[in-house]
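Peer 1: Whatever this is, show me its structure:
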Amino acid sequence: MRSASGCASRLAKALAAAVLAVACGAGLQGPTEGRARAASPADPPGHRPAPQAARDEGPGLYRMLSPQGQELLVTGIPLQVGDRFLAPDNQFYQVVRVDRDVAYTRWLGRRTLTSSVHSLMAAGPARSPSPLALYHTHSDEAYLPTSGATNVPWNGDVFRVGRAMSLLWRRVGVPVLHSYRRHDPHDGEAYLRSRRTAVQLLRRRPAALFDVHRDTPPAWVYRRVVDGQRLASVLLVIGRQNPTMWANEAFAFSIKGYADGVYPELIRGILYAAADYNQDLHPRSLLVEVGSTYNSLDEALVGARFFAAVVPAVLFGVRVDPRMPPVPPQNRQAAPSRRGWQGVLAVLSVLVAGASLFVLVNERAYEAASRLGLQLRRLAGELARRLPVRGGGG
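Peer 2: Numbers count the residues shown, from 1 in each chain. Purely as a prediction, here's the structure:
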């Protein structure tokens, strides 16, 4: 029979190798935006994210035309009689007839937009602003040039778009509530599932609530150059079946009014569609389409940061530079991520269990294994004390 000391030595070496492997591969350097994500605990058991092509909201693209026949809007959101659209130049139109995939409009006049929401809010740059909340009803939406698919079930690129927004907000001290909850499949019940997520976020009393999506027309429809940056522009969507729609409209007007002044062409327009999009839950709730599935993810991330820079200025009077790094330079060497430390603790737990089993089958190794088990428990305790505590998602 092999000696107990030899077994203990091999077990210690295995521990060192396992801890090193987990530390290098489980994200101890903090999350990296460009890295592909493996199946997370939020995924169904046995699930492995895989690209899958799928159509977005409707069976095809819809075109909205002005009374003179000018193309106002191309979108994957189905258009119906009664829908309205505030164009980039603030001309207002209403759909009066839909023939297959073409919506014909009448002109309602021109709107004058102002950005005055921050004067109505109690928060300001000298106080701690209320949180801004993000979630994703269609959690599979992706950007084809980057991901190779229009939809990636359970792991769409829209999560990274939301993260880009939340990191910029945190950079200027605005608290963020970013839900990574999945609401797949991409079907008619998705908004019912995401409503529960929205309700949970609203328990934290956010100043505004954004449901972040991407659209489906050709890339050129959304592609713009704003302030020297090539990006995917943003379409704001209001559910006109929401009984409190006018409050959401006032918020959208303030967002667009401010953005038009500092970043012309960033906001592609405001669409009033035949739905409620859970916007009855909060007066400052908006659906945000960041580019098209045919834009690159990089374009969407730039567009998301520019849009994110607008929101604190409107709500809190806080000016934000969308080009600023999301994390201060001195903090870029982040503390080990919670997921990485959890992986280390998981390895330690398995090894402690293995040491216990070794004792059961080999009484002669009891003393050596006891000493090793004590050392493992001390190491696990030290790691647990070093676990970082994180706030709401990002």
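Peer 1: Regarding Arg323, which helix or strand does it belong to?
Peer 2: Per DSSP states H and E, Arg323 falls between elements, in no helix or strand.
Peer 1: how close does it sit to Asp157?
Peer 2: 21 Å (C-beta to C-beta, to the nearest Å). (C-beta placed from N, C-alpha, C; glycine too.)
Peer 1: Those two: which has the busier surroundings?
Peer 2: Neighbour comparison, Arg323 and Asp157: the larger count goes to Asp157, with 24 against 13 (by other C-beta atoms under 10 Å).
Peer 1: And for that one, nearest residue in space, chain neighbours not counted?
Peer 2: Ala142 (4.4 Å; C-beta to C-beta, 6 or more residues apart in numbering).
Peer 1: Make sure that neighbour is actually in contact with Thr150.
Peer 2: Yes. The pair Ala142 and Thr150 passes the contact test of C-beta atoms under 8 Å, sitting 6.2 Å apart.
Peer 1: overlap in contacts of those two?
Peer 2: Thr293 (C-beta atoms under 8 Å, 6 or more residues apart in numbering).
Peer 1: which one of those two has more residues nearby?
Peer 2: Remark: of Ala142 and Thr150, Ala142 carries more neighbours, 27 against 23, as counted by other C-beta under 10 Å.
Peer 1: Next up, the contacts around that one.
Peer 2: Contacts for Ala142 (C-beta under 8 Å, 6+ apart) come out as 51, 149-152, 156-158, 214, 293.
Peer 1: Just the buried ones from these?
Peer 2: Buried subset of these (neighbour count, 16 or more other C-beta atoms under 10 Å): 51, 149-152, 156-158, 214, 293.
Peer 1: contacts for stretch 75-87?
Peer 2: Counting by C-beta under 8 Å, 6+ apart, 55-58, 60-62, 64, 72-73, 92-98, 103, 105, 108, 111, 215-217, 235, 237, 240, 256, 269-274, 289 sit against stretch 75-87.
Peer 1: Buried among these? Make that a ChimeraX selection.
Peer 2: To isolate the buried members of the contacts of stretch 75-87 in ChimeraX, using 16+ other C-beta under 10 Å:
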select :56,57,61,62,64,72,73,92,93,95,98,103,105,215,216,217,235,237,240,256,269,270,271,272,273,289
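Peer 1: Restricted to strands, list the contacts of stretch 75-87.
Peer 2: Under the assignment DSSP state E, the contacts of stretch 75-87 contribute 62, 64, 72-73, 92-98, 103, 105, 108, 215, 235, 237, 269-273, 289 to strands.
Peer 1: measure Leu201 to Val98 for me?
Peer 2: 34 Å.
Peer 1: before we move on, what about Pro322?
Peer 2: Taking C-beta to C-beta, one finds Pro322 at 37 Å from Val98.
Peer 1: Kindly report the same for Leu297.
Peer 2: Applying C-beta to C-beta to Leu297 and Val98 gives a distance of 32 Å.
Peer 1: Pro67 too?
Peer 2: Taken as C-beta to C-beta, the span from Pro67 to Val98 is 15 Å.
Peer 1: For the residue lying closest to Val74 once chain neighbours are set aside, give me its contacts.
Peer 2: Using C-beta to C-beta, 6+ apart and skipping residues adjacent in sequence, the residue nearest Val74 is Pro217, 4.2 Å away. Taking C-beta under 8 Å, 6+ apart, we find Pro217 in contact with 61, 74-76, 292, 294.
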